[in-house]
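Asker: quick one: sequence plus predicted model below, questions after.
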Amino acid sequence: MFIIIWQYQVKKENTKKFEEIYSANGDWAKLFKKSAGYLGTELFQDITNLQTYLTIDRWESELDFQAFQTQWQAEYKLLDEQCEELTEFETLLGRWNLKH
C-alpha cells in the first residue's frame, strides 16, 4: 500500500466546505475513484486545533497513483486551484510505502 499524507490549516469560515470536499466521499475522493488502484481517503481533525486537518489518501501502489496523475492531471490541477481559497496553507507531510 502507498499513502500520501497532507496537513491543512483551514480558514475558519471555510471549515464546512473543506470537510465536504476533502471527506471520504468528497470531490477529491470522487476524482481519485476514477482511477484503478485508489483505496480511499480519510480526513482527520486535530482535537486541540479545530482548524488543522490531515488527509490520508490510500493507493494500492505508488505506480497506481502515478498513473492517476498522468491520466487526470488537468482535473487534479483545476480542483486544487478551486480549493486554494479554503486554507491558510497546506503541507505535504510525506509519501509512504507499507513495509511488511
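Answerer: Here it is on my side, so go on. Numbering: from 1, shown residues only.

Asker: next, the contact list for Tyr8, please.
Answerer: Phe18, Tyr22, Thr52, Tyr53, Leu54, Thr55, Leu86, Thr87, Phe89, Glu90, Thr91 (Cβ atoms under 8 Å, 6 or more residues apart in numbering). The way it works is simple: take the backbone N, C-alpha and C, and place the C-beta from them, glycine included.

Asker: and the residue nearest to the spatial centre of the chain, how far from His100?
Answerer: Centroid check for the chain by Cα atoms, centre = their mean gives Thr55 as the closest residue, at 5.2 Å. Distance of Thr55 to His100, computed by Cβ to Cβ, to the nearest Å: 24 Å.

Asker: give me the buried positions along stretch 34-41.
Answerer: By neighbour count with 16 or more other Cβ atoms under 10 Å, stretch 34-41 contains the buried residues Ser35, Gly37, Tyr38, Thr41.

Asker: what of stretch 8-15?
Answerer: Those would be Tyr8, Val10, Asn14, for stretch 8-15 by 16+ other Cβ under 10 Å.

Asker: show me what contacts the second one?
Answerer: Residues touching Val10, when contacts are defined by Cβ under 8 Å, 6+ apart, comprise Phe18, Gln51, Thr52, Tyr53, Leu86, Thr87, Glu88.
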